[in-house]
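[1] got a predicted structure plus its sequence, pasted below:
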Amino acid sequence: MLPIRRLPRGTPSRRILQIARVRHLSTPSKGPCTRYTAVTHPEDVASVTASVQTLLNRANSYILPVYARPPFFLSHGKGAYVWDTEGRKYLDFSAGIAVNALGHGDEGVAQVLATEGGKLLHTSNAFHHQWAGKLAELLVTLTQKEGGLGWAPGTTSPSNDATSPSSSSGAKVFFSNSGTEANEGALKVARMVGKERWAAKSGKAWDSPECDKYEIVCFEHAFHGRSMGALSVTPNPKYQKPFAPLLPGVKIGQLNVTEDVHKLVGEQTCAVIVEPVQGEGGIHPAEVDWLRALRKRCDETGAVLIFDEILDAIAKPMTVGTHGTTFGGSPLACAVGYHVLSRLSEESFVENLKETSAILQERLSQLPEWFPSILEPSVRGKGLILGLGFKDATLPAKLVSLARERGLLILTAGKDAVRFVPSLNIGKDEVHYAVDVLESCLSVIASQ
Ligand SMILES: Cc1ncc(COP(=O)(O)O)c(C=O)c1O
């Protein structure tokens, strides 16, 4: 079982403890925690039980072997924790690769699934259902309210009045099944916008074979997905090489290098695709000034700027039949999406997230001071997408494995980093516990 930090007898209330912890942040402790150096969740061959081995044999016989997975099977979860079929408990700082925003086994989500699942699971996009429009309206109005996509903040709020017309200012949503599929759609729309803009400038038809506004700019360490289009803008030889040739006309730039922007983005560019924080590629945030330079150059050249799946233009010729999906935007998925997004956008939720993220950042920022020969000097990332860079590229995978053998699930990122992407409602106690385990694991590495 996962050892959980318990309050010693006679400790003050949780509130006082929290205040004490916040104070503790400004007075760094003397050294790293070493309470969790012992293995509690062994993974060696001798520790795999017969029933787990049977499950592994079946999986290995029938599933395409494209993933490296540890030798256990997760069976259920609650909040920030998951359990395997052997009853071992893990603290989950991977959250389904930064997906499970509300953690595991959330009662609100389960309720929506039960209610809507019993009503209308799937319609295809041949028919309307009530949830897609509702969720699209919420996405657009929240984006406007928060000042996203260039809107002035606080301009509108979701309308609950079924008779009132939409105030979406032209922003539209296309529901996809995955990040890859969303990027495929974004690239297709950008290609079409490129043709439209080329036609307006040249006075020729948008579908003229002379149109040369089709180039796409992406950046080193980017990850946009693994379909042929999304893979073409994911410039990692390991992912791309076996599947070449990919899309023509893709240019690769360097993140945060403003001097390159002018040359990189030109009249032939139809799209620039960028992650505001690169995740898979190693947790590299884009600098705001560089993003501004990209924005300016895209405006000058008529290129579409795509913030990984979100783009700033809609092609008029994207009409009935030009794009589509069978499963995307199902009633069940949209009802859950509406519920989750409503909760994520509550003020108290966001405030809590900011506090937790500050605590995690503060505690992580101490680690390079304690382990200067192992770690790069600064914490990477923003909010609750955080990472640590390593000086030796073999160590991220080692740390992930050491942490898992002590009941903490984390992920590698890029060539030289580990990342921490817990659910967005992660508790402060869990943050402290996770960093205590990390400190213990880094101490193990340092002692080897
Ligand atoms: C920034 C980014 N875009 C796109 C994708 C692809 O998403 P999916 O795996 O859902 O297709 C990922 C996946 O990690 C991602 O990190």
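    Looks like it arrived, so ask away. Residues are numbered from 1 along each chain as shown.
[2] quick one: R35 and D436 touch, right?
    Yes. Using CB atoms under 8 Å, R35 makes contact with D436 at a distance of 6.4 Å. Every C-beta, even on glycine, is put in place using the N, C-alpha and C of the backbone.
[3] ok, these two, which is more surrounded?
    When neighbours are counted by other CB atoms under 10 Å, R35 and D436 differ, and D436 comes out ahead with 20 against 13.
[4] which non-adjacent residue is nearest that one?
    C33 (4.0 Å; CB to CB, 6 or more residues apart in numbering).
[5] for that neighbour, what are its contacts?
    Residues in contact with C33 (CB atoms under 8 Å, 6 or more residues apart in numbering) are 435-437, 439-440.
[6] in strands only, show me these.
    Judged by DSSP state E, the contacts of C33 include no members of strands.
[7] most surrounded residue in those residues?
    V437 (26 neighbours).
[8] state the distance from that residue to S124.
    46 Å (CB to CB, to the nearest Å).
[9] try G249
    For G249 relative to S124 (CB to CB), the value is 33 Å.
[10] next one: G77
    G77 is 31 Å from S124, by CB to CB.
[11] how about P285?
    P285 is 39 Å from S124, by CB to CB.
[12] between those two, who's got more neighbours?
    Set P285 next to S124 and count neighbours by other CB under 10 Å: P285 wins out with 17 against 13.
[13] my read: the more buried one touches V277, true?
    Yes. In this structure, P285 is within contact of V277 by CB under 8 Å, at 4.6 Å.
[14] which residues touch V52?
    71-73, 85-86.
[15] is it located within a strand, as I assumed?
    No. Counting by DSSP: H, G, I helix; E, B strand; the rest coil, V52 is not part of a strand but helix.
[16] export stretch 397-404 as CSV, just CAs?
    Backbone C-alpha positions of stretch 397-404 (Å, rounded to 0.1, in the frame of the first residue of the first chain) are rendered in CSV as follows:
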residue,chain,number,x,y,z
ALA,A,397,13.2,7.4,-17.4
LYS,A,398,15.1,6.3,-14.3
LEU,A,399,13.3,8.8,-12.1
VAL,A,400,9.9,7.8,-13.5
SER,A,401,10.6,4.2,-12.8
LEU,A,402,12.0,4.9,-9.2
ALA,A,403,8.9,7.0,-8.5
ARG,A,404,6.5,4.4,-9.7
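[17] run a quick neighbour tally on A38.
    For A38, using other CB under 10 Å, the count is 10.
[18] who touches both of P285 and V277?
    Here P285 and V277 have 381-382 as joint contacts, going by CB under 8 Å, 6+ apart.
[19] which SSE is S75 in?
    strand 74-78 (DSSP states H and E).
[20] strands of the stretch 1-150 of the chain, residue ranges please.
    With DSSP state E, counting those that start in this stretch as the criterion, the stretch 1-150 of the chain has strands at 74-78, 81-84, 89-92.
[21] just to revisit the earlier point, is it possible to get a markdown table of the contacts of C33 that adds pLDDT?
    Formatted as a markdown table, those follow (pLDDT from 0 to 100):
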| residue | pLDDT |
| --- | --- |
| V435 | 98 |
| D436 | 98 |
| V437 | 98 |
| E439 | 98 |
| S440 | 98 |
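[22] quick check: residues of the stretch 301-448 of the chain near the ligand?
    D308 (CB under 6 Å from any ligand atom).
[23] which residue is the nearest non-sequential neighbour of the residue of the stretch 301-448 of the chain found nearest the ligand?
    Residue of the stretch 301-448 of the chain nearest the ligand, by CB to the nearest ligand atom: D308 (4.5 Å). In space, and not counting its chain neighbours, D308 is closest to E275: 4.5 Å by CB to CB, 6+ apart.
[24] what's the spacing between that neighbour and the ligand?
    5 Å (CB to the nearest ligand atom, to the nearest Å).
[25] Q240 too?
    Taking CB to the nearest ligand atom, one finds Q240 at 15 Å from the ligand.
[26] need the contact list for that residue.
    Contacts of Q240 (CB under 8 Å, 6+ apart): 231-232, 234, 246.
[27] which SSE is it in?
    Judged by DSSP H and E, Q240 forms part of helix 237-240.
[28] give the rounded mean pLDDT of that helix.
    Helix 237-240 carries an average pLDDT of 96.
[29] for that helix, list the C-alpha coordinates in PDB.
    Taking Å, rounded to 0.1, in the frame of the first residue of the first chain, the C-alpha atoms of helix 237-240 are listed here in PDB:
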ATOM      1  CA  PRO A 237      12.900  11.900 -36.600                       C
ATOM      2  CA  LYS A 238      12.000   9.000 -34.300                       C
ATOM      3  CA  TYR A 239       8.300   9.600 -35.000                       C
ATOM      4  CA  GLN A 240       8.600  10.800 -38.600                       C
END
